[in-house]
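*Asks:* sequence and computational prediction follow.
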Amino acid sequence: MDPDLITRSKIWFDDGSVVIQAEQTQFRVHRSMLSRHSSVFRDMFSVPQPPGDQEPVIEGCSIVHVSESSLDWKNLLTLMYDNLRAYRSDDPMPISLIAVMLRLGKKYDMEHFLKEAVARLQYEFPRNLSDWDSICDQPFLKIAPSGDLVLLDITILAREARIQSILPLAYFLFCRGEEQMKQVFLIYDTEYGTKAIAPPDLQKILVLGREGMLRGIMDNTYGWLADDKCIPHTSCKRPTLCAAARLKLLLKVCIPIPDVEIALDQWNKAEHATDLCDTCAKQAEIRYRIGRQEFWSELPSYFDLDNWEHLTDSPT
C-alpha cells in the first residue's frame, strides 16, 4: 500500500503504544485499553514476537491491520475512549453504531459492547406483550429513529447476529407499513451508507408473514366481531341494536382488508365498542384482550419462528 495514501485519524494519542490500521486510516491507541475490552487483543499482545521478527512500526508502535472499515473502528474507538461523552447510557444510538458494537464485539470478544448492543435491541423489541405495552407509545428510546427502512436493517442485523427474540416484533412493525412492504424487493439505502436489497428468504418471510397476520387479526384480536354468540350478549337488553353495531364495526375493520397495524392496538372503548351497550362492551373487551394476547403468542409462527420461549439470543 502506498504510504502516501495512508491518513492519520484524529484518534491519535501521543503516548499510544499500538497503531490500528483499518483500510487506509491509522489510529494510535493503547494496548492496555484494547486488552481491557477485548480478550482477542489481550491474547494477541501477550504473545512474544520471535527474535529478529521485523514487524512494521510507526513512531515505535507496531501496526495491527484489521479488516473492518475505518468508520467502524472510528465509531468503536470513540465509544471506547469517550464513552459517556459520546453517548450517555440513556441516549438513543443509531443502528449503524449498534451494528458495529455487535459485529466487532463478537469478532474481538468485547463483551461489554456486545451486551450493550443486545440490550438495546431487546428493549425496543421485547418478547413480552406487557413490556411492549409499556413502550409502544414511545418507541425508539434506545435506538435513534431514522429512515423508513431502518426496521429492515434491524431485522437483517438480528438474523446475522442470531438475536432471535427481537425478530417477531421487528417483523410485525415492518409489515405494518404498506410503503415499506413495497420496498422489500427493491435496492434501498441502508443506515450504513451503502445500498442493499433484502435477501430472498427474508422477502418471502415478510410477505407470507403479513398474509398470516391478516388472518390472525380476524381469528384472534377481532375474532369476536364475527361471533354472533359473543355480541349480543345473552344479558343484552337491546340485542338488535348491538348486533347491528357489531356488524358495522366488522365491516369497518375488514373492508377492504384488515390493517395489520390494528392487530396489537390496546383496547379503546370509544373505538372498539361504539354503540354497544355496557354489557356487550364488557364482553367485547374481555374477548378483545384474550384475542390480542393470543395474536401476540402466535406472532412468531407467522414468520416461521419457534415459540417465544424457544427464541434464543446467542450472538457470542
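*Replies:* Alright, I've got the coordinates.
*Asks:* okay, CA-based contacts and neighbour counts for the rest of this
*Replies:* OK.
*Asks:* how about the strands in the stretch 151-300 of the chain?
*Replies:* 188-189, 195-196 (DSSP state E, counting those that start in this stretch).
*Asks:* how far does the first one sit from its chain's centre?
*Replies:* On the basis of CA atoms, centre = their mean, to the nearest Å, strand 188-189 sits 17 Å off its chain's mean C-alpha point.
*Asks:* neighbouring strands for that strand, and are they parallel or not?
*Replies:* Using DSSP bridges, strand 188-189 pairs in its sheet with strand 195-196 (antiparallel).
*Asks:* name the residues that touch the partner strand?
*Replies:* Ile187, Tyr188, Asp189, Thr190 (CA atoms under 8 Å, 6 or more residues apart in numbering).
*Asks:* what about 6 Å?
*Replies:* Ile187, Tyr188, Asp189 (CA atoms under 6 Å, 6 or more residues apart in numbering).
*Asks:* kindly report the same for stretch 28-43.
*Replies:* Contacts of stretch 28-43 (CA under 6 Å, 6+ apart): Trp12, Phe13, Gly16, Ser17, Val18, Val19, Tyr108, Asp109, Met110.
*Asks:* other residues contacting stretch 90-106?
*Replies:* Contacts of stretch 90-106 (CA under 6 Å, 6+ apart): Asp72, Phe113, Leu114, Ala117, Leu141, Lys142, Ile143, Ala144, Glu191, Tyr192, Thr316.
*Asks:* how about stretch 66-83?
*Replies:* Contacts of stretch 66-83 (CA under 6 Å, 6+ apart): Ala22, Glu23, Val100.
*Asks:* tell me the mean pLDDT for the host helix or strand of the last one?
*Replies:* This points to Val100. Assessed by DSSP states H and E, Val100 sits inside helix 95-107. Averaging pLDDT along helix 95-107 gives 94.
*Asks:* cool, stretch 272-284 as well?
*Replies:* Here the average pLDDT along stretch 272-284 is 94.
*Asks:* re earlier: of all the contacts of strand 195-196, which comes closest to Ser297?
*Replies:* Closest to Ser297 out of those is Tyr188 (31.7 Å), distances taken as CA to CA.
*Asks:* which stretches of this structure have low pLDDT?
*Replies:* 1-4, 50-54, 84-86, 316 (pLDDT under 70).
*Asks:* if we go to 80?
*Replies:* In the predicted model, the chain carries pLDDT under 80 at residues 1-4, 49-56, 83-90, 139, 145-148, 315-316.
*Asks:* per-domain residue ranges of it.
*Replies:* 1-68, 87-198, 214-302 (automatic domain parsing).
*Asks:* okay if I get the ones you listed as CSV plus mean neighbour count?
*Replies:* Listed next are the domains of the chain as CSV, based on neighbours: other CA atoms under 10 Å:
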stretch, mean neighbour count
domain 1-68, 14
domain 87-198, 18
domain 214-302, 18
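*Asks:* right, and these - which one's nearest Leu311?
*Replies:* domain 87-198 (5.2 Å).
*Asks:* and that closest one, end to end?
*Replies:* Start to finish, the residues bounding domain 87-198 are 30 Å apart (CA to CA, to the nearest Å).
*Asks:* quick one: that domain to chain centroid distance?
*Replies:* The answer for domain 87-198 is 2 Å, by CA atoms, centre = their mean.
*Asks:* which one of the contacts of stretch 28-43 is nearest Gln49?
*Replies:* Looking across the contacts of stretch 28-43 and measuring by CA to CA, the closest to Gln49 is Val18, at 14.2 Å.
*Asks:* no further questions, thank you.
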